[in-house]
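Enquirer: Quick one, what's the 3D model for this:
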Amino acid sequence: MSGRMGDTPETPEQPKQPQPPEYLIQALSRLKNLLSKLKCKWKDLVSKLSKIKLPKEFQYFLEKISKIDLKPLLKSLEGLKPVLDRWLSRLPFKFPKLPNLPKLPNIPNLPRLPKITWKKGLVWVIAGVLSLVVLKQMFFAQSEKAKEKEKEKKQAATETKKELFPVKTFKVSRFNYEDSLNALGNIKGGVEFKLSFEIPGVINSINYREGERYEEGALLISLKQDDILIRLKKAQAERNKSETAFSIAKEKYSEHKKLYKIGSIPKTTLDKVKLEVDSAQYDKEAVELEVKLNEAMLEKSNLYAPSDGMIGELYVEEGEALTPNTMIGSHVSTDMVYAEFGVVERDVSKLALGQKARVYVDAYADKTFEGVVENVAPVVTGSSRTATVRVRLENSEGLLLPGMFARIKILLYSKRNALVVPADSVQGKQEEASVFVVDPRTNKVSKRKIKIGYTRPDYSQVDAGLEEGELVCVSGLEKLEEGMEVKVVEQQEVSV
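Expert: A predicted model of the protein is given here:
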């Protein structure tokens with residue numbers, strides 16, 4: 001190791017940045033000063049030239065010169081020195097200074113050129129540059145301006161197209177227009193009620209089972225009648241006895257009446273006999289009522305069909321003991337059935353007796369059953385606030401059975417080949433309804449009044465004011481104005 005402990009190591013010298021030559025810096029400063037003077041006297045020079053009478057061919061040239069602005073040129077020259085400084089600083093060597101050249105000897109015999117200083121040369125260079133600029137503006141400025149104007153027009157047209165208000169339209173069409181109220185319900189028999197006996201007893205025979213059809217008056221079920229028949233015979237015997245006693249009492253009264261007339265018996269004896277006749281008559285009437293009661297009991301021990309139909313459900317079997325509260329089964333008549341369903345209170349006003357209805361059941365998915373509204377309940381009941389509605393259906397084929405799940409469609413309004421528009425496109429109330437119509441040739445909208453025949457949530461039926469094939473706006477209605485140009489972004493068709 002060379003050096004001693006504690007000595008600080010020598011730091012290497014930093015290379016010096018190369019500097020531009022002095023003559024180049026002097027030339028730039030002189031050029032800058034000259035341009036500054038030229039900038040100051042430029043307007044004076046142009047004004048003096050304008051006062052001089054020049055030929056006509058130079059007047060246009062003078063006008064172009066007067067419009068030249070030297071500020072960009074001066075600004076670029078002012079920034080030339082830093083650029084040269086940065087360029088020279090990147091060189092790996094120092095820029096050498098030019099040596100002093102020896103003066104040439106004078107040669108008297110040769111003609112000498114006129115001495116041109118560097119200032120005059122720089123002026124000529126600047127004059128040439130300005131001339132080129134003027135020539136460019138004279139011959140090429142107009143064509144460039146025309147191109148710029150065309151470009152601006154195209155941009156303006158493109159921006160105008162982009163700025164057009166976008167709307168969606170609907171093509172006015174015709175189709176079979178209907179409005180309906182849809183509901184879910186069940187099939188009920190035309191005649192449907194529960195079966196039971198009025199008297200207690202034991203089932204003796206069941207003549208019909210579920211689904212078996214019968215006619216009115218057919219014997220369906222009978223009870224054992226032994227006790228009833230005994231009581232009936234006893235009552236009949238009592239009736240015969242009371243009739244005999246009544247006859248004897250009547251004859252006795254006749255005899256006592258004759259004796260009273262001849263004075264053989266007093267009046268009191270005749271009255272006693274008369275009371276005996278009345279008592280026999282009362283006994284006879286009581287016994288007759290007993291007979292009728294037992295006959296009625298005998299009749300009630302048999303259950304007869306109230307009308308043509310069949311047993312829907314049967315809950316008992318033969319030998320089973322019954323009471324008047326025991327439910328035996330149900331009787332249904334299916335020649336005519338009902339589709340029964342509930343309607344919420346806001347839709348009750350839409351219904352009326354006689355309206356046509358269509359009923360669909362899952363058992364016959366491809367078949368439609370036609371019917372009419374026969375009854376609308378006058379009260380709204382339940383927590384759901386619904387009214388019961390019944391649709392009458394003819395069921396001669398017996399396809400519809402009680403208990404089937406049904407989908408009911410009540411026709412509220414119907415018109416064939418009707419003009420329709422979306423309900424969202426209509427503005428105003430029904431009496432003052434209007435729509436915005438788009439002209440496809442100019443894409444301009446116009447507000448038109450129309451006459452609405454019927455409105456449902458999706459489409460409105462139009463009676464007058466529109467023609468088939470016209471385009472109506474369905475979006476942005478609150479921003480549209482009369483005569484406004486729009487851009488159609490979507491065209492919709494009718495969807496039923």
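Enquirer: roughly how far apart are Lys224 and Asp283?
Expert: 31 Å (Cβ to Cβ, to the nearest Å). Any C-beta I mention is one placed from the backbone N, CA and C, and that applies to glycine too.
Enquirer: ok, these two, which is more surrounded?
Expert: For Lys224 versus Asp283, the count of surrounding residues by other Cβ atoms under 10 Å is larger for Asp283: 18 against 15.
Enquirer: what's the helix or strand for Leu232?
Expert: In this assignment (DSSP states H and E), Leu232 forms part of helix 226-261.
Enquirer: What residues of the helix or strand that that helix is followed by count as buried?
Expert: Scanning forward in sequence from helix 226-261 by DSSP H and E, the next helix or strand is helix 267-300. Buried residues in helix 267-300, counted by 16 or more other Cβ atoms under 10 Å: 273, 276-277, 280, 283-284, 287-288, 290-291, 294, 297-298.
Enquirer: export those residues to a markdown table and tack on distance to Ser475?
Expert: A markdown table is the format used below for the buried residues of helix 267-300 (distance: Cβ to Cβ, whole Å):
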| residue | distance to Ser475 |
| --- | --- |
| Val273 | 110 |
| Glu276 | 107 |
| Val277 | 104 |
| Ala280 | 102 |
| Asp283 | 98 |
| Lys284 | 96 |
| Val287 | 94 |
| Glu288 | 90 |
| Glu290 | 89 |
| Val291 | 89 |
| Asn294 | 86 |
| Met297 | 81 |
| Leu298 | 82 |
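Enquirer: which residues of the stretch 351-496 of the chain score low on pLDDT?
Expert: Along the stretch 351-496 of the chain, the parts satisfying pLDDT under 70 run over 495-496.
Enquirer: quick one: the helices in it?
Expert: Shown for the stretch 351-496 of the chain, no helices are assigned by DSSP state H, counting those that start in this stretch.
Enquirer: tell me what the helix or strand that contains Ile311 is packed against?
Expert: Ile311 is part of strand 309-314 when elements are defined by DSSP H and E. Packed against strand 309-314, as judged by 3 or more Cβ pairs under 8 Å, 6 or more residues apart in numbering; DSSP states H and E, are the following elements: strand 173-195, strand 213-214, strand 329-344.
Enquirer: Show me which residues of it are buried.
Expert: Result for strand 309-314 [16+ other Cβ under 10 Å]: buried residues Gly309, Met310, Ile311, Gly312, Leu314.
Enquirer: Most tightly packed of the helices and strands packed on strand 309-314?
Expert: Of the helices and strands packed on strand 309-314, the one with the most neighbours on average (mean count of other Cβ atoms under 10 Å) is strand 329-344, at a mean of 21.
Enquirer: Of the helices and strands packed on strand 309-314, which is nearest Phe246?
Expert: strand 173-195 (42.4 Å; Cβ to Cβ).
Enquirer: right, so of the helices and strands packed on strand 309-314, which gets closest to Ser425?
Expert: Closest approach to Ser425 among the helices and strands packed on strand 309-314 is made by strand 173-195 (13.0 Å; Cβ to Cβ).
Enquirer: Quick one: list the elements packing against the closest one.
Expert: Secondary-structure packing of strand 173-195 (3+ Cβ pairs under 8 Å, 6+ apart): strand 309-314, strand 329-344, strand 386-394, strand 405-422.
Enquirer: could you redo the last one with a cut-off of 6 Å?
Expert: On a contact count with 3 or more Cβ pairs under 6 Å, 6 or more residues apart in numbering; DSSP states H and E, strand 173-195 meets strand 329-344, strand 405-422.
Enquirer: and of these, who's closest to Asp366?
Expert: The nearest among those, by Cβ to Cβ, is strand 405-422 at 13.6 Å.
Enquirer: what does the closest one contact?
Expert: Strand 405-422 is contacted from outside by 170, 172, 174, 176-183, 185, 187, 339, 341, 350, 355-361, 454, 459-462, 466, 472, 474, using Cβ atoms under 6 Å, 6 or more residues apart in numbering.
Enquirer: strands paired with that strand, and their directions?
Expert: Here strand 405-422 has these sheet partners by DSSP bridges: strand 173-195 (antiparallel), strand 356-361 (antiparallel), strand 459-464 (antiparallel).
Enquirer: Adding distance to Lys261, write those out as TSV.
Expert: Shown next, in TSV, are the strands paired with strand 405-422 (distance: least, Cβ to Cβ, whole Å):
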stretch	distance to Lys261
strand 173-195	64
strand 356-361	84
strand 459-464	100
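Enquirer: Show me the domain layout of the protein.
Expert: 22-98+116-159, 166-176+416-492, 199-312 (automatic domain parsing).
Enquirer: sorry, back to before: just the buried positions in the helix holding Leu232, please.
Expert: Buried, per 16+ other Cβ under 10 Å, within helix 226-261: 228, 231-232, 235-236, 238-239, 242, 245-246, 249, 253, 256, 260.
Enquirer: where does the stretch 1-150 of the chain have low pLDDT?
Expert: Short version for the stretch 1-150 of the chain, where the test is pLDDT under 70: 1-147.
Enquirer: okay, how far is it across stretch 443-461, tip to tip?
Expert: Stretch 443-461 has an end-to-end distance of 25 Å (Cα to Cα, to the nearest Å).
Enquirer: To clarify, my last question referred to stretch 203-211.
Expert: Termini of stretch 203-211 sit 20 Å apart (Cα to Cα).
Enquirer: Which of the buried residues of helix 267-300 sits closest to Arg385?
Expert: Met297 (48.1 Å).
Enquirer: which residues sit in contact with that closest one?
Expert: Ile228.
Enquirer: mind checking how far it is from Glu370?
Expert: Distance from Met297 to Glu370, by Cβ to Cβ: 48 Å.
Enquirer: Please apply the same query to Val474.
Expert: Taking Cβ to Cβ, one finds Val474 at 36 Å from Glu370.
Enquirer: With neighbour numbers in mind, choose between the two.
Expert: Comparing Val474 with Glu370 by other Cβ under 10 Å, the one with more neighbours is Val474, at 21 against 11.
Enquirer: Skip the chain neighbours and tell me the closest residue to the more buried one.
Expert: Nearest residue to Val474, sequence neighbours excluded (Cβ to Cβ, 6 or more residues apart in numbering): Ser425, at 4.6 Å.
Enquirer: which phi and psi does Leu400 have?
Expert: The phi/psi pair for Leu400 (degrees, to the nearest 10) reads phi -90, psi 130.
Enquirer: tell me the contacts of it?
Expert: Ile187, Val337.
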